[in-house]
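Chemist: okay, predicted coordinates and the sequence, questions at the end:
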Amino acid sequence: MAIPKLQARPSWSVQSVVDLAYAKLGSSLTPPEELKPGGFAFFGVPFEGLLINEIGGRGGPDGLRNALSRLRPYSVDLDVNFVETNGVSDFGDVEVDSMSYDISLANTESVMRAVLERGLTPVVAGGSHTISEATIRAFSEHHGKNIGVVWFDGHPDLMDNYKGDRHYCGCPMRRLIESGHIDPKKVAFLGLRGFANAAGEINYGRELGVRFYTMEEFYERGWKAVMAEAIERVTNGTNSVYCTFDTDALDHASAPATQYPGPGGFTSYDAMRLVRGFAKAGVGAFDITEYAPLIDTNRSTGSLLATLMCEFMAGRVAYEKSKK
């Protein structure tokens with residue numbers, strides 16, 4: 001079951017368990033070699049690339065491990081336990097070179113491809129949003145370059161380059177569209193708001209067919225209407241769906257520990273029910289990027305992001321049950 005280009009990480013925090021019904025995730029992991037097809041394969045990509053601010057996301061994978069270890073795998077909303085049904089394993093971190101996009105992205109793509117070939121469901125912890133360029137590329141090729149994409153972000157990630165850097169964290173969607181791994185007409189983008197974006201990127205995306213759901217539209221129309229329309233867009237005629245979640249899609253009051261926090265983003269509960277809803281509609285892989293645990297002083301950001309990972313896994317189980 002060994003996958004090249006992965007490094008094992010220290011064990012998760014565990015509890016002294018008397019009654020397994022109360023076990024938390026740190027006490028509930030399946031060894032990677034025992035995880036069966038359909039199981040959830042967690043792995044990290046501790047790569048941050050070029051930074052625009054003073055703190056990046058390379059500590060995100062271990063930060064999310066720490067936050068996940070404090071949660072339980074049972075969803076009270078869906079009445080499922082994703083450990084009992086599918087199992088979760090920590091495969092470790094991709095071997096990255098902090099000074100090389102080529103090495104880091106190639107290794108990430110290789111690991112993602114190997115996870116998918118084993119029939120596992122990827123749950124990925126970044127790292128900067130740059131890492132999604134590699135994970136989505138592998139996911140798209142695995143599904144015949146016919147996927148839908150749900151993209152949560154406060155920024156469109158359609159920059160051509162930043163100071164000559166074409167793999168900067170603001171560029172991954174553009175690279176994926178240019179390479180043919182994403183059909184812009186199969187992208188549902190949620191989270192734009194405020195004064196942190198350039199008109200050129202937004203207009204470029206709209207011309208290509210990307211559907212941007214601004215926060216204003218989200219609140220005016222309501223989450224159910226927006227989610228239903230987005231699900232139709234990403235699932236209609238596609239082979240699978242990938243969901244990527246940049247931490248700065250969240251309101252900075254809920255999740256300040258990220259490179260580029262901003263006001264007006266999703267509240268904790270809005271994000272929880274959206275991720276759960278998309279997973280129930282069949283999302284086949286999920287990543288979280290741009291988490292900076294070094295500045296997560298009260299652990300609120302990590303707690304919310306770990307909850308979103310659990311919402312994805314529980315929602316995916318609900319989807320699989322609905323197909324039986």
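Modeler: Okay, I see it.

Chemist: buried residues in stretch 249-257, which are they?
Modeler: Neighbour-count burial for stretch 249-257 flags Ala249, Leu250, Asp251, His252, Ser254, Ala255, Pro256, Ala257 (criterion: 16 or more other CB atoms under 10 Å). (C-beta placed from N, C-alpha, C; glycine too.)

Chemist: which parts of this protein are strands?
Modeler: With strands called from DSSP state E, the chain shows them at 6-7, 40-45, 74-75, 80-81, 88-94, 121-126, 147-152, 187-192, 211-214, 240-246, 283-289.

Chemist: before we move on, the earlier item: from the buried residues of stretch 249-257, which shows the smallest pLDDT?
Modeler: Across the set of these, Ser254 stands lowest in pLDDT, at 92.

Chemist: who are the neighbours in contact with the nearest residue to Arg65 once chain neighbours are set aside?
Modeler: Nearest residue to Arg65 in three dimensions, chain neighbours excluded: Trp12, at 5.6 Å (CB to CB, 6 or more residues apart in numbering). Each residue near Trp12 by CB atoms under 8 Å, 6 or more residues apart in numbering is listed here: Leu25, Gly26, Leu29, Arg65, Asn66, Leu68, Ser69, Asp90.

Chemist: again, only this time at 6 Å
Modeler: Applying CB atoms under 6 Å, 6 or more residues apart in numbering to Trp12 gives the contacts Gly26, Arg65, Ser69.

Chemist: likewise for Gly154?
Modeler: Taking CB under 6 Å, 6+ apart, one finds Gly191, Asp248, Ala249, Gly262 in contact with Gly154.

Chemist: if we can go back for a sec, what's the spacing between the residue nearest to Arg65 and Ser27?
Modeler: For Trp12, the distance to Ser27 equals 8 Å [CB to CB, to the nearest Å].

Chemist: quick one on the thing from earlier: restricted to helices, list the contacts of Trp12.
Modeler: Secondary structure from DSSP state H places Arg65 of the contacts of Trp12 in helices.

Chemist: can you pick the most crowded of the contacts of Trp12?
Modeler: Counting neighbours by other CB atoms under 10 Å, the top entry in these is Arg65, with 24 neighbours.

Chemist: count of residues packed around the residue lying closest to Thr108 once chain neighbours are set aside?
Modeler: Among residues not flanking Thr108 along the chain, Ala134 sits closest, at 3.9 Å (CB to CB, 6+ apart). For Ala134, the neighbour count with other CB under 10 Å is 29.

Chemist: returning to that earlier point: phi first, then psi, for the residue nearest to Arg65.
Modeler: For Trp12, the backbone dihedrals (degrees, to the nearest 10) come out as phi -70, psi 160.

Chemist: pLDDT wise, what is it at?
Modeler: In this model, Trp12 carries a pLDDT of 87.

Chemist: separation between it and Pro4?
Modeler: For Trp12, the distance to Pro4 - CB to CB - is 23 Å.

Chemist: kindly report the same for Leu78.
Modeler: Remark: distance between Leu78 and Pro4 (CB to CB) = 35 Å.

Chemist: between those two, which one's more packed in?
Modeler: Ranked by neighbour count (other CB under 10 Å), Leu78 and Pro4 place Leu78 first, with 17 against 9.

Chemist: and that one, what does it touch?
Modeler: By CB under 6 Å, 6+ apart, the contact list for Leu78 reads Ala314, Ala318.

Chemist: and if you look at Gly126?
Modeler: The contact partners of Gly126, taken as CB under 6 Å, 6+ apart, are Val45, Gly57, Gly60, Thr289.

Chemist: could you do Gln7 as well?
Modeler: Contacts of Gln7 (CB under 6 Å, 6+ apart): Gly92, Asp93, Glu95.
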